[in-house]
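In: Provide a 3D model corresponding to the input given below.
(chains A and B)
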Amino acid sequence: AQSVTQPDIHITVSEGASLELRCNYSYGATPYLFWYVQSPGQGLQLLLKYFSGDTLVQGIKGFEAEFKRSQSSFNLRKPSVHWSDAAEYFCAVGAGGGSQGNLIFGKGTKLSVKP
Amino acid sequence: DGGITQSPKYLFRKEGQNVTLSCEQNLNHDAMYWYRQDPGQGLRLIYYSQIVNDFQKGDIAEGYSVSREKKESFPLTVTSAQKNPTAFYLCATQQGTGANVLTFGAGSRLTVL
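Out: Numbers count the residues shown, from 1 in each chain, chains lettered A, B, ... in the order given. As a prediction, the model looks like this:
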(Lines give C-alpha, C1' and ligand atoms only; values in the text may rest on other atoms or scores of the structure.)
Protein backbone atom coordinates (compact mmCIF):
# COMPACT_ATOMS: atom_id res chain seq x y z
CA ALA A 1 0.00 0.00 0.00
CA GLN A 2 1.07 3.54 -0.61
CA SER A 3 2.27 5.49 2.38
CA VAL A 4 4.10 8.67 3.23
CA THR A 5 6.26 9.23 6.28
CA GLN A 6 7.35 12.58 7.59
CA PRO A 7 9.70 11.65 10.44
CA ASP A 8 9.78 15.06 12.08
CA ILE A 9 6.61 16.21 13.81
CA HIS A 10 7.98 19.62 14.79
CA ILE A 11 11.11 21.51 13.72
CA THR A 12 12.38 24.85 14.99
CA VAL A 13 14.94 26.85 13.02
CA SER A 14 16.36 30.34 13.37
CA GLU A 15 15.41 32.96 10.83
CA GLY A 16 18.00 33.00 8.07
CA ALA A 17 19.07 29.41 8.67
CA SER A 18 18.68 26.66 6.12
CA LEU A 19 15.84 24.18 6.26
CA GLU A 20 15.32 20.59 5.23
CA LEU A 21 12.06 18.73 5.82
CA ARG A 22 12.16 15.01 5.27
CA CYS A 23 9.67 12.89 3.36
CA ASN A 24 9.86 9.18 2.63
CA TYR A 25 7.31 7.32 0.58
CA SER A 26 6.34 3.77 -0.16
CA TYR A 27 5.02 3.14 -3.62
CA GLY A 28 5.41 0.37 -6.14
CA ALA A 29 5.71 2.44 -9.30
CA THR A 30 6.95 5.87 -10.26
CA PRO A 31 5.16 8.21 -7.91
CA TYR A 32 3.83 11.68 -8.37
CA LEU A 33 5.09 13.72 -5.41
CA PHE A 34 3.89 16.94 -3.87
CA TRP A 35 4.66 19.35 -1.06
CA TYR A 36 1.91 21.52 0.39
CA VAL A 37 1.98 24.22 3.06
CA GLN A 38 -0.80 25.11 5.49
CA SER A 39 -1.12 28.19 7.67
CA PRO A 40 -3.24 27.78 10.82
CA GLY A 41 -6.95 27.49 10.09
CA GLN A 42 -6.41 27.65 6.35
CA GLY A 43 -6.44 25.30 3.40
CA LEU A 44 -3.36 23.80 1.80
CA GLN A 45 -1.30 25.57 -0.82
CA LEU A 46 0.86 23.74 -3.33
CA LEU A 47 4.59 24.50 -2.99
CA LEU A 48 5.90 22.21 -5.71
CA LYS A 49 5.37 18.91 -7.49
CA TYR A 50 7.39 16.19 -9.18
CA PHE A 51 5.97 14.14 -12.01
CA SER A 52 9.02 13.21 -14.10
CA GLY A 53 12.24 14.59 -15.51
CA ASP A 54 14.71 16.65 -13.54
CA THR A 55 14.82 15.28 -10.01
CA LEU A 56 15.44 18.72 -8.49
CA VAL A 57 12.27 20.77 -8.66
CA GLN A 58 11.78 24.40 -7.85
CA GLY A 59 8.67 25.73 -6.20
CA ILE A 60 7.16 28.91 -4.91
CA LYS A 61 8.52 31.00 -2.02
CA GLY A 62 12.10 29.86 -2.67
CA PHE A 63 11.51 26.20 -1.86
CA GLU A 64 13.00 23.27 -3.73
CA ALA A 65 12.79 19.49 -3.38
CA GLU A 66 14.86 16.61 -4.66
CA PHE A 67 13.48 13.23 -5.70
CA LYS A 68 15.81 10.37 -4.82
CA ARG A 69 14.42 7.10 -6.08
CA SER A 70 17.11 4.99 -4.41
CA GLN A 71 16.17 6.42 -1.02
CA SER A 72 12.42 6.74 -1.68
CA SER A 73 12.70 10.31 -0.52
CA PHE A 74 11.46 13.72 -1.58
CA ASN A 75 12.95 16.18 0.90
CA LEU A 76 12.00 19.84 0.91
CA ARG A 77 14.69 22.49 1.28
CA LYS A 78 15.08 26.22 1.60
CA PRO A 79 18.44 28.00 1.88
CA SER A 80 17.29 30.79 4.18
CA VAL A 81 14.11 30.65 6.23
CA HIS A 82 11.91 33.68 6.77
CA TRP A 83 9.59 34.18 9.73
CA SER A 84 6.63 33.95 7.36
CA ASP A 85 7.59 30.34 6.55
CA ALA A 86 6.27 29.23 9.94
CA ALA A 87 3.47 26.81 9.04
CA GLU A 88 2.73 23.12 8.68
CA TYR A 89 4.13 21.26 5.71
CA PHE A 90 2.66 18.15 4.13
CA CYS A 91 4.22 15.72 1.71
CA ALA A 92 1.89 13.72 -0.55
CA VAL A 93 2.19 10.90 -3.07
CA GLY A 94 -0.12 9.86 -5.87
CA ALA A 95 -0.35 7.41 -8.70
CA GLY A 96 0.22 8.59 -12.23
CA GLY A 97 -0.96 7.73 -15.68
CA GLY A 98 -4.70 8.19 -15.59
CA SER A 99 -5.41 6.27 -12.44
CA GLN A 100 -7.67 7.48 -9.68
CA GLY A 101 -6.36 10.77 -8.48
CA ASN A 102 -6.41 10.36 -4.74
CA LEU A 103 -3.29 11.59 -2.97
CA ILE A 104 -1.90 10.03 0.20
CA PHE A 105 -0.65 12.61 2.70
CA GLY A 106 1.95 12.40 5.41
CA LYS A 107 1.04 13.54 8.90
CA GLY A 108 2.82 16.84 8.49
CA THR A 109 5.78 18.70 9.94
CA LYS A 110 5.17 21.86 11.88
CA LEU A 111 7.84 24.50 11.34
CA SER A 112 8.53 27.17 13.93
CA VAL A 113 10.93 30.04 13.17
CA LYS A 114 12.94 31.76 15.91
CA PRO A 115 13.76 35.45 15.44
CA ASP B 1 -11.65 35.00 -9.18
CA GLY B 2 -11.68 31.27 -9.71
CA GLY B 3 -11.64 29.23 -6.58
CA ILE B 4 -13.26 26.99 -4.04
CA THR B 5 -15.72 28.28 -1.47
CA GLN B 6 -16.36 26.31 1.67
CA SER B 7 -19.10 27.33 4.07
CA PRO B 8 -19.62 27.81 6.87
CA LYS B 9 -16.12 28.52 8.16
CA TYR B 10 -17.13 27.54 11.70
CA LEU B 11 -20.02 25.33 12.71
CA PHE B 12 -21.24 24.09 16.05
CA ARG B 13 -23.50 21.12 16.39
CA LYS B 14 -25.23 19.29 19.17
CA GLU B 15 -24.80 15.57 19.41
CA GLY B 16 -27.37 13.70 17.34
CA GLN B 17 -27.76 16.40 14.70
CA ASN B 18 -26.87 16.09 11.05
CA VAL B 19 -24.97 18.98 9.49
CA THR B 20 -24.09 19.76 5.88
CA LEU B 21 -20.87 21.45 4.80
CA SER B 22 -20.94 23.24 1.49
CA CYS B 23 -18.23 23.14 -1.17
CA GLU B 24 -18.63 25.15 -4.38
CA GLN B 25 -16.04 25.60 -7.14
CA ASN B 26 -15.84 27.71 -10.27
CA LEU B 27 -12.59 26.23 -11.55
CA ASN B 28 -14.42 23.87 -13.91
CA HIS B 29 -12.49 20.99 -12.36
CA ASP B 30 -13.84 17.50 -12.83
CA ALA B 31 -12.98 15.82 -9.55
CA MET B 32 -13.85 16.91 -6.04
CA TYR B 33 -12.66 15.54 -2.71
CA TRP B 34 -13.47 15.78 0.98
CA TYR B 35 -10.70 15.33 3.53
CA ARG B 36 -10.83 15.32 7.29
CA GLN B 37 -7.92 16.77 9.26
CA ASP B 38 -7.22 16.09 12.93
CA PRO B 39 -4.14 17.34 14.81
CA GLY B 40 -1.16 15.12 14.13
CA GLN B 41 -3.12 12.89 11.75
CA GLY B 42 -2.57 14.51 8.40
CA LEU B 43 -5.41 14.43 5.89
CA ARG B 44 -7.71 11.44 5.57
CA LEU B 45 -10.00 10.97 2.58
CA ILE B 46 -13.72 10.80 3.26
CA TYR B 47 -15.33 10.77 -0.20
CA TYR B 48 -14.44 11.77 -3.72
CA SER B 49 -16.24 12.30 -6.99
CA GLN B 50 -14.72 12.25 -10.46
CA ILE B 51 -17.91 12.97 -12.37
CA VAL B 52 -21.39 14.28 -11.77
CA ASN B 53 -23.81 11.79 -10.20
CA ASP B 54 -20.99 9.47 -9.18
CA PHE B 55 -18.89 9.33 -6.02
CA GLN B 56 -16.70 6.86 -4.18
CA LYS B 57 -15.96 6.15 -0.54
CA GLY B 58 -12.57 7.04 0.81
CA ASP B 59 -10.78 5.63 3.82
CA ILE B 60 -13.11 7.01 6.50
CA ALA B 61 -16.56 7.28 4.88
CA GLU B 62 -18.57 5.85 7.77
CA GLY B 63 -20.94 8.42 9.25
CA TYR B 64 -20.69 10.73 6.21
CA SER B 65 -22.69 11.17 3.02
CA VAL B 66 -22.24 13.23 -0.15
CA SER B 67 -23.98 14.12 -3.38
CA ARG B 68 -22.75 15.41 -6.73
CA GLU B 69 -25.74 16.73 -8.61
CA LYS B 70 -23.80 19.54 -10.28
CA LYS B 71 -20.21 19.79 -11.40
CA GLU B 72 -19.71 22.88 -9.25
CA SER B 73 -21.02 21.49 -5.97
CA PHE B 74 -20.04 18.63 -3.63
CA PRO B 75 -21.75 18.98 -0.24
CA LEU B 76 -20.75 16.79 2.69
CA THR B 77 -23.26 15.72 5.34
CA VAL B 78 -21.92 14.71 8.72
CA THR B 79 -24.55 12.42 10.17
CA SER B 80 -25.31 11.51 13.74
CA ALA B 81 -23.70 8.15 13.04
CA GLN B 82 -20.27 9.78 12.93
CA LYS B 83 -18.97 9.12 16.44
CA ASN B 84 -16.27 11.75 16.59
CA PRO B 85 -17.17 14.51 14.12
CA THR B 86 -15.22 17.39 15.66
CA ALA B 87 -12.53 18.15 13.07
CA PHE B 88 -11.36 20.45 10.31
CA TYR B 89 -12.87 19.53 6.95
CA LEU B 90 -11.18 20.36 3.67
CA CYS B 91 -12.69 20.28 0.21
CA ALA B 92 -10.40 19.99 -2.79
CA THR B 93 -10.73 19.88 -6.55
CA GLN B 94 -8.62 18.33 -9.27
CA GLN B 95 -8.54 18.91 -12.99
CA GLY B 96 -8.98 15.88 -15.21
CA THR B 97 -8.33 12.35 -14.06
CA GLY B 98 -5.29 10.68 -12.60
CA ALA B 99 -3.04 12.07 -9.95
CA ASN B 100 -2.64 15.76 -10.35
CA VAL B 101 -2.49 18.88 -8.29
CA LEU B 102 -5.23 19.25 -5.70
CA THR B 103 -6.57 22.75 -5.12
CA PHE B 104 -7.95 23.26 -1.62
CA GLY B 105 -10.65 25.39 -0.12
CA ALA B 106 -10.08 27.28 3.13
CA GLY B 107 -11.78 24.60 5.23
CA SER B 108 -14.67 24.32 7.67
CA ARG B 109 -14.21 23.67 11.36
CA LEU B 110 -16.96 21.59 12.94
CA THR B 111 -17.29 21.39 16.69
CA VAL B 112 -19.74 19.08 18.40
CA LEU B 113 -20.94 20.38 21.74
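In: C-alpha from now on. contacts and neighbour counts both.
Out: OK.
In: And for residue B:28, the neighbour number?
Out: Using other CA atoms under 10 Å in any protein chain shown, residue B:28 has 14 other residues around it.
In: And residue B:66, by the same measure?
Out: Residues lying near residue B:66 (other CA under 10 Å) number 22.
In: residue contacts, the nearest residue to it once chain neighbours are set aside?
Out: Nearest residue to residue B:66 in three dimensions, chain neighbours excluded: residue B:76, at 4.8 Å (CA to CA, 6 or more residues apart in numbering or on different chains). Residue B:76 is in contact with B:20, B:21, B:22, B:23, B:34, B:64, B:65, B:66, B:67, counting by CA atoms under 8 Å, 6 or more residues apart in numbering or on different chains.
In: Residue A:47 now?
Out: Contact analysis of residue A:47 by CA under 8 Å, 6+ apart lists A:34, A:35, A:36, A:37, A:59, A:60, A:61, A:63.
In: and with 10 Å instead?
Out: By CA atoms under 10 Å, 6 or more residues apart in numbering or on different chains, residue A:47 lies in contact with A:34-37, A:58-65, A:76, A:89-91.
In: Tell me the residues of chain A that contact chain B?
Out: A:9, A:31-34, A:36, A:38, A:41-46, A:48-49, A:51, A:89-110 (CA under 10 Å from any CA of the partner chain).
In: In helices, which of those appear?
Out: The helices, defined by DSSP state H, take in nothing from the residues of chain A next to chain B.
In: Take those and keep only those in strands.
Out: A:32-34, A:36, A:38, A:44-46, A:48-49, A:89-94, A:103-105, A:109-110 (DSSP state E).
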